[in-house]
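Participant: Got a sequence here, can you build the structure:
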Amino acid sequence: MNITGRLLIIVATLLCFSGCASTSTPGDPFESANRKSWDFNYKIMDKHVVKPAAKGYEKIPQPVRKGVSNLLSNLSEPLYAVNNLLQWKVTDSGSSILRFVVNSTIGLVGIFDPATDMGLLQKQETFAQTFGAWGVGNGPFVMWPVYGASTARNTVGDFVDVFVYPLSLLTFEQRLGKFTLEGLDSRIEFQQYEPMLNGSLDPYGYVKDVYLQRDAYLVSDGKVKKTEADTFDEEFDNELLDDELLDDELIDAEPLDAEPLDDQTLDVKPLSDKKSDNKKIDNKTDIKRTD
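Facilitator: Coordinates of the predicted model:
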């Protein structure tokens with residue numbers, strides 16, 4: 001089957017899964033199967049394969065790992081250039097092309113990254129992000145065995161990515177090697193967040209939420225729309241903050257200065273202005289005893 005035929009199948013699949021999805025947050029109709037895939041990925045694959053491999057890979061000197069990461073990243077620059085152009089980001093597309101040329105030559109096929117030092121920053125855009133920018137819905141959330149978290153739209157987008165030069169020149173084994181090395185790098189970076197995942201009441205739900213939020217952030221270039229729930233949470237937090245500040249002010253408030261009562265006389269007026277006719281009141285009271 002030629003490339004045109006494959007792309008037609010891809011488009012048909014994309015429309016099937018995502019055409020009717022109009023919301024930015026997909027549902028999880030495959031939750032039961034997804035949770036089983038998550039358990040396999042994290043409790044078996046990660047525990048016995050990925051995590052030990054990442055720890056071994058981490059022992060390689062950091063400059064060597066950085067060079068490998070740069071080389072693999074450089075292979076994706078043409079992909080970024082195409083998708084930036086498809087999103088009418090002409091300047092970013094040109095920057096990606098220049099990065100590929102500079103790093104492939106001066107940077108020794110991408111092992112080094114002189115383009116960044118020259119001010120040519122990387123502008124990552126994939127077909128999954130382009131489809132999202134075009135308004136294609138996410139479709140259902142999917143937790144693929146081994147591959148990990150994705151959505152219907154992103155799964156199709158990731159598949160289209162491999163047809164862009166020079167990724168299209170890689171053999172299956174080379175693509176698998178690229179995927180593996182990038183995965184090990186990601187697993188090393190993930191170590192700092194692992195306690196948060198393990199401390200979550202629902203690790204699967206936690207990973208799903210983080211993935212979808214990050215995906216929305218990438219598609220919108222950081223301009224994520226606030227939902228009504230987000231607005232309510234912000235207003236509620238602001239009210240709590242105002243109450244806390246008020247309490248702090250009351251606690252920190254200095255007491256009013258009170259002058260001592262020493263050497264002060266109190267002018268007490270009698271209840272009645274009538275004079276007492278020089279009658280003396282004796283405090284002693286005669287008590288008559290009755291037998």
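Participant: only C-alpha atoms for contact and neighbour calcs from this point on.
Facilitator: Fine.
Participant: contacting residues around stretch 163-170?
Facilitator: By CA atoms under 8 Å, 6 or more residues apart in numbering, the residues outside stretch 163-170 that reach it are 75-76, 78-79, 161-162, 175.
Participant: Pull out the buried members of the residues you listed.
Facilitator: Buried members of the contacts of stretch 163-170, counted by 16 or more other CA atoms under 10 Å: 75-76, 78-79, 161-162.
Participant: Reformat the residues you listed as CSV; add distance to Val64.
Facilitator: As requested, these are exported to CSV (distance: CA to CA, whole Å):
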residue, distance to Val64
Leu75, 17
Ser76, 19
Pro78, 24
Leu79, 25
Asp161, 26
Val162, 25
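Participant: Please identify which of the residues you listed is nearest to Tyr204.
Facilitator: Each of the buried ones among the contacts of stretch 163-170 was checked against Tyr204 using CA to CA; the closest is Asp161, at 26.9 Å.
Participant: wait, Tyr211 sits on Ala149?
Facilitator: Yes. With contacts counted by CA atoms under 8 Å, Tyr211 reaches Ala149, the gap being 7.1 Å.
Participant: higher neighbour count, these two?
Facilitator: A direct count of neighbours by other CA atoms under 10 Å for Tyr211 and Ala149 places Ala149 higher, at 20 against 16.
Participant: Asn70 and Phe100, how far apart?
Facilitator: 11 Å (CA to CA, to the nearest Å).
Participant: Looking at the contacts of stretch 163-170, which is nearest Ser104?
Facilitator: Using CA to CA, the contacts of stretch 163-170 come closest to Ser104 at Leu75, 9.1 Å.
Participant: which residue packs closest to Arg175, ignoring adjacent ones?
Facilitator: If the residues on either side of it in the chain are set aside, Arg175 comes closest to Leu167, at 7.9 Å by CA to CA, 6 or more residues apart in numbering.
Participant: Point out where the stretch 101-250 of the chain drops to low pLDDT.
Facilitator: Scanning the stretch 101-250 of the chain for pLDDT under 70 picks out the ranges 224-250.
Participant: What ranges does it have for its helices?
Facilitator: In the stretch 101-250 of the chain, the helices defined using DSSP state H, counting those that start in this stretch lie at 114-117, 127-133, 152-161, 172-190, 194-198, 203-219, 228-252.
Participant: Need the winner for burial among those.
Facilitator: Most buried of these by mean neighbour count (mean count of other CA atoms under 10 Å) is helix 127-133; its value is a mean of 22.
Participant: Could you list every helix and strand in contact with that helix?
Facilitator: Of the remaining helices and strands, those touching helix 127-133 by 3 or more CA pairs under 8 Å, 6 or more residues apart in numbering; DSSP states H and E are helix 77-86, helix 152-161, helix 203-219.
Participant: got a list of contacts for it?
Facilitator: Contacts for helix 127-133 (CA under 8 Å, 6+ apart): 83, 86-87, 138, 153-158, 160-161, 218-220.
Participant: State the pair within the residues you listed that is farthest apart.
Facilitator: Pairwise over the contacts of helix 127-133, using CA to CA, the maximum falls at Val160 and Ser220, 20.3 Å.
Participant: How many residues are close by Ser93?
Facilitator: By other CA under 10 Å, 26 other residues sit near Ser93.
Participant: got the contact list for it?
Facilitator: Residues in contact with Ser93 (CA under 8 Å, 6+ apart) are 80-85, 123.
Participant: Can you tell me the element it falls in?
Facilitator: According to DSSP states H and E, Ser93 maps onto helix 90-105.
Participant: now the angle between helix 77-86 and that helix, please.
Facilitator: Angle of helix 90-105 versus helix 77-86, following axes from the mean of the first three to the mean of the last three CA atoms, to 10 degrees, is 170 degrees.
Participant: What are the buried residues along helix 90-105?
Facilitator: Quick answer for helix 90-105 (16+ other CA under 10 Å): 92-104.
Participant: could those go into CSV alongside distance to Leu201?
Facilitator: Formatted as CSV, the entries for the buried residues of helix 90-105 read as follows, by distance: CA to CA, whole Å:
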residue, distance to Leu201
Asp92, 41
Ser93, 42
Gly94, 45
Ser95, 43
Ser96, 42
Ile97, 45
Leu98, 46
Arg99, 43
Phe100, 44
Val101, 48
Val102, 47
Asn103, 45
Ser104, 46
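Participant: if I look at Phe172, how far off is Ser200?
Facilitator: Distance of Phe172 to Ser200, given as CA to CA: 37 Å.
Participant: which one of the contacts of Ser93 is nearest Asp39?
Facilitator: Nearest to Asp39 among these, with distances taken as CA to CA, is Tyr80, at 33.1 Å.
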